[in-house]
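Undergrad: here you go, sequence then predicted model.
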2 protein chains.
Amino acid sequence: MTKIDDIMAATGFSRTTVSKALNDKEDISEKTKKIIRKAARDLNYIPNINARNLRIKHSRVIALILSSPSKESEKTNTLYPLLMGVNKYLSSHGYELALYLIDSERQTMKSYVGFCRERNVAGAILVGIKTDDDYIRQLANSEIPYVLIDVDIRNTTHKSVVKLDDVRGAYDATAYLLEKNHRHIAFMNGNKNSTVSEERLRGYMQAMDDYGVFVPKSYITYADFSEDTARRTLKRLITKNPGVTAVFCASDLMALGAMQGARELSLTIPADLSLIGYDDIPIASYVKPSLTTISQDFHKKGYEAAKLITTQLDENEDKKIVIIPHRLIERESVKRLEER
Amino acid sequence: MTKIDDIMAATGFSRTTVSKALNDKEDISEKTKKIIRKAARDLNYIPNINARNLRIKHSRVIALILSSPSKESEKTNTLYPLLMGVNKYLSSHGYELALYLIDSERQTMKSYVGFCRERNVAGAILVGIKTDDDYIRQLANSEIPYVLIDVDIRNTTHKSVVKLDDVRGAYDATAYLLEKNHRHIAFMNGNKNSTVSEERLRGYMQAMDDYGVFVPKSYITYADFSEDTARRTLKRLITKNPGVTAVFCASDLMALGAMQGARELSLTIPADLSLIGYDDIPIASYVKPSLTTISQDFHKKGYEAAKLITTQLDENEDKKIVIIPHRLIERESVKRLEER
DNA sequence: CTGAAAGCGCTTACAG
DNA sequence: CTGAAAGCGCTTACAG
């Protein structure tokens, strides 16, 4: 492994000059830089990042902290494009990525903060953490800059978040159903401790309210973003409320479970029951009937989060909230009802 | 940030002793270790990995090098479970992961070797690299230990590989079709420069041969693992060979494309044409008709690759080839033909 | 525009 | 069982 001293020996310049030339500093003449760069190339020089980071006392690495129930995320595949988005921005802006996957078996894992400190990360991106997560508070209280994806820590105005306008997204989904003349619209939500679920509930309620439709308490259910829970929840919901003509599910995976549950009740979709999802995962367009849903751009989410954290670091930009646009994808799972 | 010197000051022990105690070396008394560990905890000590790696001149980081045409892999979602598998093994064995995603726009990227050298990685896992890839040779010629997933470098016996028995997998798929009395079985392969494609072709040919079925040249097509190419390829294939009753596709994604192509030809699956895939991606069980396929365990692939590279590193174990089992999943896309 | 020197936080051969 | 000292490969204030 060649190091700076080898280039120093080869060119006759001092260690200082070699280092500065390699880093393209202003106070080195072009001529010198050329000589040194050539020598570096000839000697196949590759800088030692550990030494560099140790010396400058910070690094250009961003931690991406993913908390994912693995089984589910293998089906939804939302994290992979997100990861690609983060990587795309980072790798083209001289940053590195440190992945921290939170396993279901949490015990082996150090805290995020420990992970970040150990490797001197410059900043962190947190995704899919529940609002009641303990570590998230730790990070918020540490000196490590971070941006949140889809989460929102309460009682703190000083933060950066990348998210959808989930109130609006849920509103759009519900309004779509209402426009198709559905009135008995149930809502299958995810998890009470998740920011997106809270917002989607608000959007649903608001749309129903705007259309002057009363929402019975029993229309609102929670299935924890799980496919199988959704299947069982749907059966219970419809059995208790046979009048329901449409269900808005807060995720496509739950909509898939609901589809299965409906099948088990011998209900045809959309003839007997209309379904609308959220996310637009790949499976959504392949199921029969294909799933009408609110589409979101996971790649962009990751990309924007990476951009946000790095510009905050590099340009000392202020913390802010970035909204990723969503859009309704009309497919086959919703039926228009006759006006009464 | 507390460092070793702070613990040294707090406990009165030397830097050497503190370091050794923290690393649980044998030649430090239990009593001393206890004192030092407590101080470390109290002071919230977190070791600086950069300093450590710099000093020991190697690291416990494994590079995972993924080359993925992003659009396709968002649908197949095979890389995410693989990543989880790698991470699971590594994180529970004191190793770290450095992700290197090869973008379609290659130009910005350094070579793998450069990436690995820069951060002093202990070893690398390469997945999905074509056999004609240039960088792969570079790595093979470097001193960096590596294991390959699904690829096989020719003319080198000294290597570690994690893969399926793809000859057998393809054989099983083809034999299944033959057992269902199909005789006009076409094969839609991936890419000529991929190890898996070569093996799957061999398996297909071998099965056809074992059953004494002649294979016309025009039955063998290549669709580059792309869904849309598969769609077009199937239409061309069937138009040219209307006698074909079944197609074995070397990936589920291609089978999905073939399904679409068949639909465009007004062919019903499996009534008019039987289809079998490879991989068992999540979508396979959700399409209508659901896809009969060869299932592989991507999580295990990653896990085993990580295990292989680290045991080679730690225990100086020999290079070897690990075979991940496959299994045929019977679903709805294949029809049994009447015996003639 | 260039160079000598110090130091980032750790580990480890060596001596006792 | 413990410690003093050197050094991993870099960057950067400082001096010239």
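TA: Right, received. Where do you want to start?
Undergrad: please count neighbours and contacts with C-alpha atoms only from this point.
TA: OK.
Undergrad: tally of neighbours for A:K71?
TA: A:K71 sits with 10 neighbouring residues when counted by other Cα atoms under 10 Å in any protein chain shown.
Undergrad: so it belongs to a helix, correct?
TA: Yes - applying DSSP: H, G, I helix; E, B strand; the rest coil, one finds A:K71 inside a helix.
Undergrad: of all residues in the stretch 1-150 of chain A, which one is closest to DNA strand C?
TA: Closest to DNA strand C within the stretch 1-150 of chain A is A:R55: 3.2 Å, counting by Cα to the nearest atom of the strand.
Undergrad: that residue and chain B: what is the separation?
TA: According to Cα to the nearest Cα, to the nearest Å, A:R55 and chain B sit 9 Å apart.
Undergrad: element containing that residue, please.
TA: helix A:49-56 (DSSP states H and E).
Undergrad: show me which residues of chain A sit near DNA strand C.
TA: A:12-17, A:26-30, A:32, A:51, A:54-57 (Cα under 7 Å from any atom of the strand).
Undergrad: out of these, which end up buried?
TA: Burial by neighbour count, 16 or more other Cα atoms under 10 Å in any protein chain shown: within the residues of chain A next to DNA strand C this picks out A:13, A:17, A:51, A:54.
Undergrad: let's have the residues you listed in CSV, adding pLDDT.
TA: What follows is those, written out as CSV (pLDDT from 0 to 100):
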residue, pLDDT
A:F13, 92
A:T17, 94
A:A51, 92
A:L54, 91
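Undergrad: export these to TSV and tack on distance to DNA strand D?
TA: Shown next, in TSV, are these (distance: Cα to the nearest atom of the strand, whole Å):
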residue	distance to DNA strand D
A:F13	12
A:T17	7
A:A51	4
A:L54	5
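Undergrad: can you give me how far the helix or strand harbouring A:D209 is from the chain middle?
TA: Using DSSP H and E, A:D209 maps to helix A:195-210. Taking Cα atoms, centre = their mean, to the nearest Å, the mean C-alpha location of helix A:195-210 is offset from the chain mean by 20 Å.
Undergrad: what packs against it?
TA: helix A:166-179, strand A:185-189 (3 or more Cα pairs under 8 Å, 6 or more residues apart in numbering or on different chains; DSSP states H and E).
Undergrad: any chance of JSON lines for these, columns mean neighbour count?
TA: Below are the helices and strands packed on helix A:195-210 laid out as JSON lines (neighbours: other Cα atoms under 10 Å in any protein chain shown):
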{"stretch": "helix A:166-179", "mean neighbour count": "23"}
{"stretch": "strand A:185-189", "mean neighbour count": "26"}
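Undergrad: determine which of these approaches A:G114 most closely.
TA: helix A:166-179 (31.8 Å; Cα to Cα).
Undergrad: pretty sure A:G277 is in a strand, no?
TA: Yes - counting by three-state DSSP, A:G277 is found in a strand.
Undergrad: show me what contacts it?
TA: Shown in contact with A:G277 (Cα atoms under 8 Å, 6 or more residues apart in numbering or on different chains): A:248-255, A:291-294.
Undergrad: which of those fall in strands?
TA: If you go by DSSP state E, those have A:248-249, A:292-294 in strands.
Undergrad: tell me which parts of the stretch 1-150 of chain A are close to chain B?
TA: Within the stretch 1-150 of chain A, the positions near chain B by Cα under 8 Å from any Cα of the partner chain are A:46-51, A:53-54, A:70, A:74-75, A:77, A:79-81, A:84, A:87-88, A:92, A:97-99, A:101, A:103, A:108, A:114, A:117-120.
Undergrad: the stretch 201-340 of chain A too?
TA: Going by Cα under 8 Å from any Cα, the residues of the stretch 201-340 of chain A near chain B are A:282-283, A:286-288.
Undergrad: neighbour-wise, which one of the residues you listed leads?
TA: Neighbour-wise, those (other Cα under 10 Å) top out at A:I283, 24 neighbours.
Undergrad: contact partners for that residue?
TA: A:76, B:282-283, B:286.
Undergrad: switch the cut-off to 6 Å
TA: B:I283 (Cα atoms under 6 Å, 6 or more residues apart in numbering or on different chains).
Undergrad: helix/strand/coil for it?
TA: helix.
Undergrad: list the contacts of whichever residue of the stretch 151-300 of chain A sits closest to DNA strand C.
TA: As assessed by Cα to the nearest atom of the strand, DNA strand C sits closest to A:K159 within the stretch 151-300 of chain A, at 27.4 Å. Each residue near A:K159 by Cα under 6 Å, 6+ apart is listed here: A:K319.
Undergrad: mind running it again at 7 Å?
TA: Counting by Cα atoms under 7 Å, 6 or more residues apart in numbering or on different chains, A:K159 makes contact with A:319-320.
Undergrad: before we move on, back to that, packing partners for the helix holding A:R55?
TA: Where contact means 3 or more Cα pairs under 7 Å, 6 or more residues apart in numbering or on different chains; DSSP states H and E, helix A:49-56 is packed against helix B:49-56.
Undergrad: with just CA atoms, put the helix it packs on into PDB.
TA: The C-alpha coordinates for helix B:49-56 follow below in PDB (Å, rounded to 0.1, in the frame of the first residue of the first chain):
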ATOM      1  CA  ILE B  49     -13.000   2.900  15.400                       C
ATOM      2  CA  ASN B  50     -10.900   5.000  13.000                       C
ATOM      3  CA  ALA B  51      -8.000   5.200  15.400                       C
ATOM      4  CA  ARG B  52      -8.300   1.500  16.100                       C
ATOM      5  CA  ASN B  53      -8.400   0.500  12.500                       C
ATOM      6  CA  LEU B  54      -5.500   2.800  11.600                       C
ATOM      7  CA  ARG B  55      -3.400   1.300  14.300                       C
ATOM      8  CA  ILE B  56      -4.100  -2.400  13.700                       C
END
